[in-house]
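Novice: Just the structure for this:
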Amino acid sequence: PAPPPPPASVLTIQIFPDNYPEETSWALYSYNLQGRSYIHFAGAQLPTADDDDREIVEWQVEIQKGSWRWEILDTYRDGICCLHGNGWWRLRLEGQALGSGGAFNDKEVVDFRIEPPSPPVPPSPPSPPSSPLPPAPGAPRSPLPPP
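Specialist: Numbers count the residues shown, from 1 in each chain. Now for the predicted structure:
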């Protein structure tokens with residue numbers, strides 16, 4: 001049987017849109033060893049809402065080790081803060097902050113890497129005794145070295 005896949009890391013994307021959420025989307029790309037990018041998730045467009053009904057939108061994406069790029073895009077090229085509302089975005093990997101923002105033009109980019117887990121550290125060999133033990137009763141004694 002095939003070995004189980006390595007555990008995935010959770011990427012959390014949070015976006016509080018400006019007054020025009022339909023202009024905002026994001027994409028996630030992975031990179032192979034030759035540096036070519038492959039789309040992992042795209043077209044995550046924000047739902048349209050009235051100014052008073054805007055709320056934080058959150059996605060959680062499971063991703064494996066490797067090199068990644070996340071992009072937030074704004075089709076009107078005015079970002080999500082501050083001309084038409086105080087929008088913002090936040091990116092976290094396993095709870096650790098990768099980036100945040102809101103004031104940008106057409107896009108903002110975060111590049112990051114997930115390293116493979118470190119191999120377990122083998123236990124240390126036992127320490128030799130601090131003083132030689134006397135021979136067991138009845139055991140032959142080792143000869144003394146010549147003077």
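
Novice: wait, what's in contact with the most centrally placed residue in the chain?
Specialist: Centroid-nearest residue in the chain: Leu93, 4.0 Å away (criterion: Cα atoms, centre = their mean). By Cβ atoms under 8 Å, 6 or more residues apart in numbering, the contact list for Leu93 reads Ser9, Val10, Leu11, Thr12, Phe112, Ile114. Yep, even glycine has a C-beta here, placed from its N, CA and C like the rest.

Novice: rerun that using 10 Å as the cut-off
Specialist: Ser9, Val10, Leu11, Thr12, Ile63, Trp68, Trp70, Val110, Phe112, Arg113, Ile114 (Cβ atoms under 10 Å, 6 or more residues apart in numbering).

Novice: what's the answer for Ile39, then?
Specialist: By Cβ under 10 Å, 6+ apart, the contact set of Ile39 is Ala27, Leu28, Tyr29, Ser30.

Novice: do Gly102 as well
Specialist: Taking Cβ under 10 Å, 6+ apart, one finds 15-18, 72, 79-82, 85-90, 108 in contact with Gly102.

Novice: how close does it get to Ile80?
Specialist: 5 Å (Cβ to Cβ, to the nearest Å).

Novice: list residues touching both of these two?
Specialist: The contact lists of Gly102 and Ile80 share Ile15, Phe16, Pro17, Asp18, Ile72, Asn86, Gly87, Trp88, Trp89, Glu108, where a contact means Cβ under 10 Å, 6+ apart.

Novice: neighbouring contacts of the helix or strand containing the last one?
Specialist: Secondary structure assigned from DSSP states H and E places Glu108 in strand 107-114. For strand 107-114, the external contacting residues (Cβ under 10 Å, 6+ apart) are 6, 8-9, 11, 25-31, 63-75, 77, 79-80, 89, 91, 93-94, 96, 98-102.
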